[in-house]
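*Asks:* For reference, the sequence and a predicted model appear below.
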Amino acid sequence: MAAPTTDHIGRSAAARTVPSLSGKVRVVAKIRNSTDSEVLPGKKAPAPWISVNKPNGDASDRVKVTLGEQSASSRECYEIGYCYQENEGNEEMFRREVQFLLPEVFNGRSVTVVACGARGSGKTHVIQGTEGDLGLAALSMAEILRISEESNKFVAVSCYEILQEHAYDLLEPKSQEVSVLKDGQGRVQLKGLSCVQVKSLYEFHKLYRRQSRTVRKANQKITHSFPPRSTKGLILYISSQADKLASAPVGKINFVELAGYEDAKRKSDVGNFGENAQINKSIHAFIKVAYSLHANEIHVPYRESKLSRMLEDSLGGKSSILILTCLNPFSCQDSMNMLKLASRCSQSNTITTKIVVDSARKTDSTARSKVFASHRSRLPGSASSMRKQPTPSHFPIHGKKSSGNASALKARELFADKGHEKPNKVNASATVSRTESSLPEEASSFIGLNTGISAQEEEASSLELENTPASLENALASLEVRVSMELTEENKHVDMITPATTALPVVDEGTRDSECQSLDKENDISLANKNESPPISLRLQEISNNLKQLYNSTPKQLYTSTPLRTVMPSSNDLPLQDQFTTASVEPLTPECNVKVNKNLDIASFCSPWEKLNRSNCGVKNSLVQEYLNFFNTANKEDLKKLKGIGEKRATYIMEFRDESPFMDLDELKDVVGLSAKQIKDMVSKDVLGGLFH
Ligand SMILES: Nc1ncnc2c1ncn2[C@@H]1O[C@H](COP(=O)(O)OP(=O)(O)OP(=O)(O)O)[C@@H](O)[C@H]1O
């Protein structure tokens, strides 16, 4: 297949570079070609629903992929490594994504190529290909055989299929499943999986075709009225010893076709609820693993799916993961969901993946960074992990946000319905948004990023303020207005005001250094130029005084019902500069004000159901966590009390949580098959006391 002369973003093939090896996980997409049955002669082609654009000023190949009908009010946009269009075939993909990694496999590196996507999105075509259009696996094998001849290495293959979390050998089909063991050196050994040495491309094709036929046979054995969907994998081993092909390879390359993603709650003609739920759960589990590896997390949840257990030693350590998201050329919600999931796992701290392109909400479309709720707080260097540290902050309202956990943020996100915002509520964070939207775009994003204030947290902040006495709330809001105005005038100084955020990795070090220098200069200038605006320290002192007045004028008991506790110096006689220490307005984790009657038998209200009902006072901070706890511990009868959960779903929940507890509300959506609206209704109705039938 001839490579196109220019790609969709206007660069010649020569100008395109191979991606660097530095990133652990690379996510790209491929828009499947239309099939003959989809483009019938005389039939009008539907309007394109995918558009690919280059982010402004980005020299890399990264692209923004926007999904959704042009006319739709809400479209979604994700930033990924690259998007191959219909005219860019398997060869082009191989050349740019895989070929350069293969010599590394001979040096001990492991490579995993995972094709994911909705059903019928072209996963098999990309990995297995056809006779006329070889897939990535065959193209790689040809190259591997060539290098192995030069380097006197041996090449072998294994093929497997994972059905309902059970793995089966496809080259030597046996009744017993493949089990995952570890040897003395911690290497994964797949017991029961055969490994066949391959010396030519012809031999490989013969084997690979055989495995396709075996799939059908294996499927028929377990069959219902339709063939169950499965994940298929191919392992190519490079070994220096003919007798240790699979047990001690030099390097491995895995090709995986994940089972097609399908919304679990949708009635399907080819899958049942349980199967869809199981498949989505394992897709989620794999994406979580990739995300954790990419984010360098200490704990990688390999154990959550059979696939990740099998691939454990090919994913960790010195390895590269390529996630190839196949997209249907015609509107497909499942494709959208899959891209959304996949784009998360290559999300670096500097990249925003999801941008809701919604005409109704464009005005406040502060870029939101969305990561797994369960991971958010652990993301090294992330805004939330930074805020967890007891770092000084001069913005008391935002300081409180630091104590919010990831699930609480998720809960607030659920509650946040901008269309129904209370009009008379004094919303300090909204002040920041308004101020930001009046700023030039650059300045606005600068503030948003460097203060670490995400839109979610702004919403969270406004929620926290709901319980705040009006006077205090107004006073704080007006103080916030002042702060915002200061930011508007001198937004760059924010970086200096909030030392806690200077470590946020949103700007690379070089840029940050030069910015800091220029900020220092600006500050020096403002200090020197006494006729103009006063130096920043004086402004901070002014804010400190306002806070202090506020503290003095507020009855003590109000603080106890406010989620924000401001610690002020006890003496009024301190010199002004001493009053404004980092500790003076340092936000502290709110104390829990629930008075527990010691005479009460605590055990008496510790059933999961009662625990859920008792979460009244801390409901806004821990609602999601409570729900997840509930889903992880409640008995069937209690589960069935939730709207949308009947006998069947309750049984699934209990089965799934035994294997791996729920960690994220998204799992309820994908595994249990509840819709986002059902979850949202469930949560918000509970707050209003109308959750149960
Ligand atoms: N690049 C392509 N060029 C031409 N046809 C393609 C291409 N990619 C996919 N197709 C066709 O689209 C159809 C679906 O592709 P494929 O079977 O690879 O999808 P899939 O995602 O593996 O499906 P499933 O989830 O059901 O396994 C097939 O008929 C295939 O031949």
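*Replies:* Alright, I've got the coordinates.

*Asks:* where does the stretch 101-250 of the chain dip in pLDDT?
*Replies:* 175, 211-227 (pLDDT under 70).

*Asks:* Kindly report the residues of it close to the ligand.
*Replies:* By CB under 6 Å from any ligand atom, the residues of the stretch 101-250 of the chain that approach the ligand are 117, 119, 120, 121, 122, 123, 124, 125. For every residue, glycine as well, the C-beta is placed using N, CA and C.

*Asks:* since we're on the last one, how many residues are nearby?
*Replies:* So the one you mean is residue 125. 20 (other CB atoms under 10 Å).

*Asks:* Test my guess that it contacts residue 137.
*Replies:* No - with contact defined as CB atoms under 8 Å, residue 125 does not reach residue 137; the gap is 11.4 Å.

*Asks:* ok, back up a step: farthest-apart pair in the residues of the stretch 101-250 of the chain next to the ligand, please.
*Replies:* The span of these, defined through CB to CB, is set by 119 and 125 at 13.0 Å.

*Asks:* between the two, what contacts are shared?
*Replies:* Shared contacts of residue 119 and residue 125 (CB atoms under 8 Å, 6 or more residues apart in numbering): none.

*Asks:* For the ligand, give me its nearest residue in the stretch 201-350 of the chain.
*Replies:* Evaluated by CB to the nearest ligand atom, the stretch 201-350 of the chain has residue 260 as its residue closest to the ligand, separated by 3.1 Å.

*Asks:* Would you list the phi and psi of residue 335?
*Replies:* phi -60, psi -40 (degrees, to the nearest 10).

*Asks:* That one: what's it in contact with?
*Replies:* 67, 117, 118, 121, 325, 326, 327, 328 are the contacts of residue 335 under CB under 8 Å, 6+ apart.

*Asks:* Among the residues of the stretch 101-250 of the chain next to the ligand, name the ones in helices.
*Replies:* 123, 124, 125 (DSSP state H).

*Asks:* how close does the first one get to residue 334?
*Replies:* Residue 123 sits 12 Å away from residue 334, taking CB to CB, to the nearest Å as the criterion.

*Asks:* Who has more neighbours out of the two?
*Replies:* residue 123 (28 against 19).

*Asks:* List, one by one, the residues from this protein near the ligand.
*Replies:* So far as CB under 6 Å from any ligand atom goes, the chain lies against the ligand at 32-33, 35, 117, 119-125, 260, 326.

*Asks:* run the last query once more with 5 Å
*Replies:* 32, 33, 35, 119, 120, 121, 122, 123, 124, 125, 260 (CB under 5 Å from any ligand atom).

*Asks:* can you name the two of the residues you listed that are farthest apart?
*Replies:* Top of the distance list for the residues of the chain next to the ligand (CB to CB): 33 and 260, 17.3 Å.

*Asks:* Tell me how this protein divides into domains.
*Replies:* Per automatic domain parsing, the structural domains of the chain span 13-359, 376-588, 602-688.

*Asks:* weakest of those domains in terms of mean pLDDT?
*Replies:* Across the domains of the chain, domain 376-588 has the smallest mean pLDDT, namely a mean of 40.

*Asks:* Residue 655: how many residues sit nearby?
*Replies:* 12.

*Asks:* Against which helices or strands is the helix or strand containing it packed?
*Replies:* Using DSSP states H and E, residue 655 sits within helix 647-659. With contacts defined as 3 or more CB pairs under 8 Å, 6 or more residues apart in numbering; DSSP states H and E, the packing partners of helix 647-659 are helix 273-294, helix 619-633, helix 636-640.

*Asks:* Recalculate using a threshold of 6 Å.
*Replies:* Helix 647-659 sits against helix 636-640, with contacts defined as 3 or more CB pairs under 6 Å, 6 or more residues apart in numbering; DSSP states H and E.

*Asks:* Could you export the helix it packs on as CSV, CA atoms only?
*Replies:* What follows is helix 636-640 as a C-alpha-only set of coordinates in CSV (Å, rounded to 0.1, in the frame of the first residue of the first chain):
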residue,chain,number,x,y,z
LYS,A,636,-28.6,-8.4,48.0
GLU,A,637,-31.7,-7.1,49.6
ASP,A,638,-30.1,-3.8,50.4
LEU,A,639,-28.7,-3.5,46.9
LYS,A,640,-32.2,-4.0,45.5
